[in-house]
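[1] Pasting the sequence and the predicted coordinates here, then a few questions.
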Amino acid sequence: MNEFPTLKTGAVLQYPAGKRLECATRVTRFIDGSEQRFRDFAAPVQLWAIRLDLLTEQEMRRVQDFHEAKQGKYGSFSFVDPWDGTEYANCSFASDALALEYEEEARGQMSLVIRNNEV
């Protein structure tokens, strides 16, 4: 399984959801007070912030198992951008931890961030 799991409705995320581009600049300061700046990435990195509410235990377990199989942010998988339908073949989790919360039987929520590694 190399594609991010979908909910039982077929959706990848629920709204409100976020999508952003991230740029990183590294700054080296010298003894004389001058600075040198350079980019960390060749291009901006695309991130999707996904929050999922009212999940069943099976849906939560599916995402948890997928996260464990990919070893957190170590593994890569494909992800379809829900805004424009573009499939990105080299994505990963932005964190090694998932924010999970079981509220009651058959109701849970989680949040995670997916990073596009195609730079």
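    It's in. Not measured: the values here are computed from a predicted model.
[2] Glu118: which element?
    Under DSSP states H and E, no helix or strand contains Glu118.
[3] would you list every one of the helices in this structure?
    Counting by DSSP state H, the chain has helices at residues 57-69.
[4] low-scoring stretches of this structure, by residue?
    Applying pLDDT under 70 to the chain flags residues 1, 8-15, 23, 41-43, 106, 119.
[5] mind listing the strands for it?
    Secondary structure of the chain by DSSP state E: the strands cover 18-22, 25-29, 35-39, 45-55, 77-80, 87-93, 99-104, 107-116.
[6] Tell me, how many residues neighbour Glu101?
    Neighbour count of Glu101, defined by other C-beta atoms under 10 Å: 12. No exception for glycine: its C-beta is placed from N, CA and C like everyone else's.
[7] And Val63, how close does it get to Phe4?
    Relative to Phe4, Val63 is positioned 8 Å away (C-beta to C-beta, to the nearest Å).
[8] The residue most central in space within the chain and Pro82, how far apart?
    Nearest to the geometric centre of the chain sits Ile114, at 1.2 Å (C-alpha atoms, centre = their mean). Separation of Ile114 from Pro82 (C-beta to C-beta) stands at 11 Å.
[9] And for Gly72?
    Distance, Gly72 to Pro82, by C-beta to C-beta: 22 Å.
[10] so which of the strands of the chain comes closest to Glu68?
    Minimum separation from Glu68 across the strands of the chain (C-beta to C-beta) falls at strand 87-93, 10.6 Å.
[11] Run through who's touching the closest one.
    With contact meaning C-beta atoms under 8 Å, 6 or more residues apart in numbering, strand 87-93 is reached by 4, 46, 67, 70, 72-81, 112-118.
[12] Ok, stretch 61-81 next?
    1-5, 12, 19, 48, 52, 86-98, 100, 110, 112, 114-117.
[13] Among those, the buried ones, what's the PyMOL command?
    Entered in PyMOL, the line below selects the buried ones among the contacts of stretch 61-81, by 16 or more other C-beta atoms under 10 Å:
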select buried, resi 4+12+48+52+88+91+92+93+94+98+100+110+112+114+115+116
